[in-house]
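Asker: just need the structure, nothing else, for what follows:
(2 chains)
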Amino acid sequence: MTELAQDKMTTLREFMAEVSQKQYADSYLIAVLHKAQELFGYLPREVMDEVAETLQIPTAHIWGVATFYHYFNLEPIGRHVISVCMGTACFVKGAQQVLDVLKKELNVEVGKTTGDMLFTLQEARCLGACGIAPLIMIDDKIYGELDAKKTVDIINQYRKAAAEPQKGT
Amino acid sequence: MSEKIPIFINDKEYNVEPNQTIMQAADTLGFKIPRLCYHPKLSIEGACRVCIVEVEGQRNFVASCAFPVSPGMKIKTNTHAVRRARRDIVELIVDNHPMDCHTCERDGNCELQRLAAATGIRARHFEGQRKRYDEDLSSVSVIRNPEKCILCGRCVRMCSEKQQVHNLTQAHRGFNTVVMPAYDLPMAESVCTACGQCINVCPTAAFLEKNYTQELFEQLNGTDTVKVVQFAPSVRAAIGEAFNLPPQNMEGQLVAALRKLGFDYVFDTQFSADLTIMEEASEFLERFQNKGKLPMITSCSSAWMKCLEQFYPDLIDNVSTCKSPMSMQGAMTKTYFADKMGIDPKKIYSVATMCCTAKKYEAARPELMFDGMRGVDVVVTTREIAWMIKSAGIDFVNIEPEKADHPLGLSSGAGAIFGATGGVMEAAIRTAYELYTGQTLVDIEVEGVRGLKGIKEGSLKMDGHDIRVAVAHGLGNACKLLDVVRKDPDRYHFIEIMGCPGGCVGGGGQPYAAINTIPLDDEALTQRAKALYDLDRGKTIRRSHDNPDVQKLYKEFLQHPLSPVSHKYLHTHYKAKLPVGIIPKDAKNFEVK
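Answerer: The predicted structure is shown next:
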């Protein structure tokens, strides 16, 4: 594990130590997995192993929980998560074309991450901003009234930002 | 006993015990409500909904396996509406299931097939998308076929509740739900102990043993090897069930059938059970007299050995160094027997017929090799050998019984009872007592260690010393007992552990449950055990050390128990194999050497 991952692991261990004190500690499994995903962006196997050992919950049971909820990612995700709204309004206004453009531009399928680990492409149900359909959400930012060109431009902005040396980290 | 309550089933009044489910009450009254995910030894899942009944006042049909009876309850088990709903439920399961019954290994033994017939499915109305998965053929013992799985969850509950192995889970959700080990690991890399109990409780063919029958048929047709076979005690007690007979001792028929299949020599694993007792009882006495590591724990059960390596590595030194009877028999076949007959041991094809799926795994263990050879080349289960006998057209039921061959075929009664839980302990007591005290043990039937109680305890006096013993069957009971040992290591002197419920008679390779019976039914297990206890009672030689062929083996080859020759061929050492994730807390600080 890298040094950064070690730091995250320490945070997770502290969290697990805290819940271990509680009554019915094993009922905090989902909370612990949430914490792990918050820290790592997904649930790495080594992390699930350590959760199993610390909370004394069989690994198979953790695997059952982790795979049951769509929320949990089992593979590393990109630095930015793109959610394409496929709700009715967006769909009527051309969400499928937006999705196709993204698939082609990023060269990935839905649910997958680009080779450079920059983007993960996801579908979403209605994001509740039908007035500006069709729209996508990148991380927690909404981009509306899209067409093919606008979509590619937005992707390129993120790519440019990623290529610049990062400040403060 | 609490007061009985009145209920109505199909308009007729009955008085039943309170605090039970509708299904349990109906069972006592002769109504066998159709069921699928229910198993009396496991927790209630209520997943399949096959056991629905109509209850007056309830908006929907209720699952009778999970719904308690109450006074005055009006239940209908067989109305038109219930029958139709039940049929649709089963039909929906069938429609997501491969339509390959006549090429399926469970054909004729499949609960889903029986249920489809019983509910009257005669057409398919719901054909739609069907799940498709590859078989997991990685394990040498247990193969997993998720395509045939109907998600009743019996295997998951068996693996976690009864065996405490926790290898299986239902991963993903909805249509995509699959029963699998953690991380979708192949069975061979998972914490599976190969006990095969998932196969026993599976209603379909989602779990099966790895089948070696074709390979064996091929070898039996060859002429360049000497084909030697051995068969375990429990095989003779249960194989009749594969031919629609009740559990009974069919040793003679089995020997005759094995010869007809083409084996050159038919030996009895009970011979080596006697040999195991000679070594194990001596090892126990040595530990007892020289303040060695106690309690000593038996090592015959292959599933238990894998469980030990993974979950109780801190107790490895407590486990007897004796190989299992099967592996001892294999070793003696390729050394003593080969030498006696002037056969090149490399030319011997050594086959074991076992009640066990984990023995397939054991046979391949490098720890058990000697002189660069495996003692046993291939292991087939009771089910596989029964199929081979049928397939070869041998009239098993009417065959003239025959006797096993010398010099590895004669056994004492002590060797026979190995197959039942407590049997190894009882056999060891018979020999250890006499070796230690020099006196004859008069009452050789040790009732305290017999029967199906999960954990049995007892003690006996040996020259003023109080020897405390314990017996556990099923890995879940074993775990409970070993957790006690971890906290209180001086509590027992000698412990017997068998990985399967009821001991080997309930092994993962035994015949499937017959129509209208439940897999691992206590009554069936008791009957199989009784066949072995009767076999013991009928023998004049009932103590392992009185077996003349065993005595001869020591005189001609092994010298004496625990001799250097014995150690070379009959003993081994196991190593920790710590699984990732679920290492029990107490074993956590154990260092892997």
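
Asker: where does B:Ala587 land on pLDDT?
Answerer: B:Ala587 carries a pLDDT value of 57.

Asker: hang on, I meant A:Glu164
Answerer: pLDDT recorded at A:Glu164 is 82.

Asker: cool, and the one 4 residues further on?
Answerer: At A:Gly168 the predicted local distance difference test score is 48.

Asker: could you tell me which ranges of chain A sit under the pLDDT cut-off?
Answerer: A:1, A:166-169 (pLDDT under 70).

Asker: quick check: domain ranges of chain A?
Answerer: Chain A breaks down into these domains under automatic domain parsing: A:3-68, A:80-163.

Asker: what's the closest of those to B:Gly108?
Answerer: Nearest to B:Gly108, of all the domains of chain A, is domain A:3-68, at 31.9 Å by CB to CB. Every C-beta, even on glycine, is put in place using the N, C-alpha and C of the backbone.

Asker: looking at the domains of chain A, which is nearest to chain B?
Answerer: domain A:3-68 (3.4 Å; CB to the nearest CB).

Asker: quick one: end-to-end length of the closest one, please.
Answerer: 31 Å (CA to CA, to the nearest Å).

Asker: before we move on, the earlier item: export the domains of chain A as JSON lines, with columns for mean neighbour count.
Answerer: Below are these laid out as JSON lines (neighbours: other CB atoms under 10 Å in any protein chain shown):
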{"stretch": "domain A:3-68", "mean neighbour count": "17"}
{"stretch": "domain A:80-163", "mean neighbour count": "17"}
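
Asker: got those domains as a markdown table, with distance to B:Ala352 columns?
Answerer: A markdown table is the format used below for the domains of chain A (distance: least, CB to CB, whole Å):
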| stretch | distance to B:Ala352 |
| --- | --- |
| domain A:3-68 | 30 |
| domain A:80-163 | 48 |
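
Asker: of all those domains, which one is nearest B:Cys202?
Answerer: domain A:3-68 (17.0 Å).

Asker: does any part of that closest one sit near chain B?
Answerer: Yes. Applying CB under 8 Å from any CB of the partner chain, one finds domain A:3-68 in contact with chain B at A:45, A:48-49, A:52-53, A:56-64, A:67-68.

Asker: would you map the helices across the stretch 251-400 of chain B?
Answerer: Applying DSSP state H, counting those that start in this stretch to the stretch 251-400 of chain B gives helices spanning B:251-261, B:269-289, B:302-311, B:325-332, B:338-341, B:358-363, B:382-391.

Asker: how far does the fourth one sit from its chain's centre?
Answerer: Same thing as helix B:325-332. 19 Å (CA atoms, centre = their mean, to the nearest Å).

Asker: for chain A, what spans make up the strands?
Answerer: For chain A, applying DSSP state E gives strands covering A:80-85, A:119-124, A:136-138, A:141-143.

Asker: domain parsing of chain B, as residue ranges.
Answerer: In terms of domains, chain B is parsed into B:1-126, B:142-210, B:214-570 (source: automatic domain parsing).

Asker: for the helix of greatest length in chain A, what is the distance to the chain centroid?
Answerer: Secondary structure of chain A per DSSP state H: the longest helix is helix A:3-20. Averaging C-alpha positions (CA atoms, centre = their mean) puts helix A:3-20 20 Å from its chain's average.

Asker: what is it packed up against?
Answerer: When contacts are defined as 3 or more CB pairs under 8 Å, 6 or more residues apart in numbering or on different chains; DSSP states H and E, helix A:3-20 packs onto helix A:29-40, helix A:45-55.

Asker: which residue sits farthest out from the middle of chain A?
Answerer: Centroid-distance maximum for chain A: A:Gln23 at 30.8 Å, with CA atoms, centre = their mean.

Asker: so for stretch B:152-168, what gets flagged as buried?
Answerer: Of the residues in stretch B:152-168, B:152-160, B:162-168 count as buried by neighbour count, 16 or more other CB atoms under 10 Å in any protein chain shown.

Asker: give me whichever of the domains of chain B is most buried.
Answerer: domain B:142-210 (a mean of 23; mean count of other CB atoms under 10 Å in any protein chain shown).

Asker: if you look at it, does any of it touch chain A?
Answerer: Yes. Interface with chain A: domain B:142-210 contributes B:160, B:166-173, B:180-184, B:191 (CB under 8 Å from any CB).

Asker: gap between the two ends of that domain?
Answerer: Taking CA to CA as the measure, domain B:142-210 stretches 6 Å from start to finish.

Asker: for the record, mean pLDDT for it?
Answerer: Domain B:142-210 carries an average pLDDT of 95.

Asker: centre of the chain to it, how far?
Answerer: Its chain's average C-alpha position is 16 Å from that of domain B:142-210, according to CA atoms, centre = their mean.

Asker: now do stretch B:547-566
Answerer: 30 Å.

Asker: who's in contact with that stretch?
Answerer: With contacts defined as CB atoms under 8 Å, 6 or more residues apart in numbering or on different chains, stretch B:547-566 is touched by B:271, B:274-275, B:278-279, B:281-283, B:286, B:332, B:335-336, B:339-340, B:406-412, B:415, B:541, B:544-545, B:569-570.

Asker: kindly recompute the last result at 7 Å.
Answerer: B:271, B:274-275, B:278-279, B:282-283, B:286, B:332, B:336, B:406-407, B:410-412, B:541, B:544 (CB atoms under 7 Å, 6 or more residues apart in numbering or on different chains).

Asker: and for stretch A:68-84?
Answerer: With CB under 7 Å, 6+ apart as the test, stretch A:68-84 has contacts from A:33, A:37, A:41-43, A:66-67, A:95, A:98-99, A:102, A:113-114, A:117-124, A:136-139, A:158, A:162, B:172-173.

Asker: how near is the closest residue in space to B:Met388 that isn't next to it in sequence to chain A?
Answerer: Of all residues not flanking B:Met388 in the chain, B:Thr213 sits nearest, at 5.4 Å (CB to CB, 6 or more residues apart in numbering or on different chains). The spacing between B:Thr213 and chain A, counted by CB to the nearest CB, to the nearest Å, is 31 Å.

Asker: surely B:Thr213 meets B:Ile389?
Answerer: No. With contact defined as CB atoms under 7 Å, B:Thr213 and B:Ile389 do not form a contacting pair (10.5 Å).

Asker: before we move on, back to that, so can I have CSV of the domains of chain B showing distance to A:Gly131?
Answerer: Formatted as CSV, the domains of chain B follow (distance: least, CB to CB, whole Å):
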stretch, distance to A:Gly131
domain B:1-126, 42
domain B:142-210, 33
domain B:214-570, 58
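
Asker: tell me which of those domains lies nearest to A:Val19.
Answerer: domain B:142-210 (20.7 Å).

Asker: now the helices of the stretch 251-400 of chain B as CSV including mean pLDDT?
Answerer: Compiled in CSV, the helices of the stretch 251-400 of chain B are given as follows (pLDDT from 0 to 100):
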stretch, mean pLDDT
helix B:251-261, 97
helix B:269-289, 96
helix B:302-311, 94
helix B:325-332, 97
helix B:338-341, 95
helix B:358-363, 96
helix B:382-391, 97
